[in-house]
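Peer 1: need a 3D model of the sequence below.
(one chain, ligands or ions: 1)
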Amino acid sequence: MKFNFSKWHGLGNDFVIVNGLEEKINNYNEMAIQVCDRYFGIGADGLVVILPSAVADFQMRIFNSDGSEAEMCGNVTRCIARYVFEYGLTDKKKITLETKAGLIKPELIFIDDVLSTIRVDMGEPRLKRGELPMVGNEDEQVVDEVLEIDGTEHRITGVSMGNPHCILFVDDITGINLSDIGAKIETHAAFPKKTNVEFVQVLNKQNLRMRVWERGAGVTMACGTGACATLVAAVLNGKTDRQATVELDGGQLLIEWGPDNHIYMSGPAVEVFRGTYL
Ligand SMILES: N[C@H](CCC[C@H](N)C(=O)O)C(=O)O
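Peer 2: Numbering: from 1, shown residues only. Presented below is the predicted three-dimensional model:
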């Protein structure tokens, strides 16, 4: 089944974007596995399809490279905002996107007619265990709890941005074997829907260094929802201010936890190439 696509990334977290208003794909989960394969396919962390919406400007569905569907994705939200504007699907610089995590609102910020950054209202963080989700009392926050992995205790904080995140603060991030421990935490019994895993080194009150093992994708260069969850966890644990720069393998995101309790993420989006999948 042939379809046109465009290849984008947000700080190296890369996606195949398909305009589902014009292109037909029968099985998104299966197609995501195929197109994300870096040897036999296009190669990406995920497949994202733009669809019509009755409640927003567009609907966005996100599929990880393992074929699983995610509730939300921060980095691709910035790419979609540019895509629909530059491909003429809208003349709006600020749009609403319907996702499984609710309505997300990206805005293209121009300075002297040049695109400067893309700022996304990511909605409110979910801080109760049940929303994480994580086993235990639904109304409790998951802050500074102990998770046992291979007989070793790790202190974690759980935050959901519509998708689940397990955050661990470490003194030296270079010493983490992300592929080993990330995979074990992703599939830990404490997380019925599995989880994204972020390791964080606090540099100071306004700067964090974070590396991520993503649910359904493994180690990626960046994770937008993960950066938002990381800032929230850092504030909950008294480590940073409510606005900080999160430095990822692929670059930096500015994250703010606003007085309206919404999380705002600012960063870039880049279109790399276009093509036809045969
Ligand atoms: N792997 C994630 C989805 C992609 C999120 C990430 N790429 C982002 O930028 O937020 C999950 O299954 O929840």
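
Peer 1: neighbours of the closest residue to R155 other than its chain neighbours, how many?
Peer 2: Nearest non-adjacent residue to R155, counting by Cβ to Cβ, 6 or more residues apart in numbering: D144, 5.5 Å away. For every residue, glycine as well, the C-beta is placed using N, CA and C. Applying other Cβ atoms under 10 Å, we find 12 other residues in the vicinity of D144.

Peer 1: pretty sure D144 sits against A233.
Peer 2: No: the criterion here is Cβ atoms under 8 Å, and D144 misses it with A233 at 9.6 Å.

Peer 1: residues from the stretch 51-200 of the chain in reach of the ligand?
Peer 2: Remark: the part of the stretch 51-200 of the chain in contact with the ligand comprises I62, N64, A70, C73, G74, N75, N163, N196, using Cβ under 6 Å from any ligand atom.

Peer 1: just the ones of those in strands?
Peer 2: Counting by DSSP state E, those place I62, N64, A70, N196 in strands.

Peer 1: just these now: which is nearest the ligand?
Peer 2: Nearest to the ligand among those, counting by Cβ to the nearest ligand atom, is A70 at 3.5 Å.

Peer 1: OK, contacts around V49?
Peer 2: Residues in contact with V49 (Cβ atoms under 8 Å, 6 or more residues apart in numbering) are I17, V18, G20, I25, Y28, M60, R61, F63.

Peer 1: in these, find the pair that's most separated.
Peer 2: Greatest spacing in these, by Cβ to Cβ: I25 and M60 (14.3 Å).

Peer 1: where does the protein have its least confident helix or strand?
Peer 2: Taking mean pLDDT, DSSP states H and E as the measure, the helix or strand of the chain with the lowest value is strand 145-149, at a mean of 93.

Peer 1: next, the angle strand 145-149 makes with the helix or strand that that one is followed by.
Peer 2: Remark: after strand 145-149, the chain's next helix or strand is strand 152-160, criterion DSSP states H and E. Taking axes from the mean of the first three to the mean of the last three Cα atoms, to 10 degrees, one finds strand 152-160 and strand 145-149 inclined to each other by 120 degrees.

Peer 1: and the contacts of V49, which of them are in strands?
Peer 2: The strands, defined by DSSP E, take in I17, V18, M60, R61, F63 from the contacts of V49.
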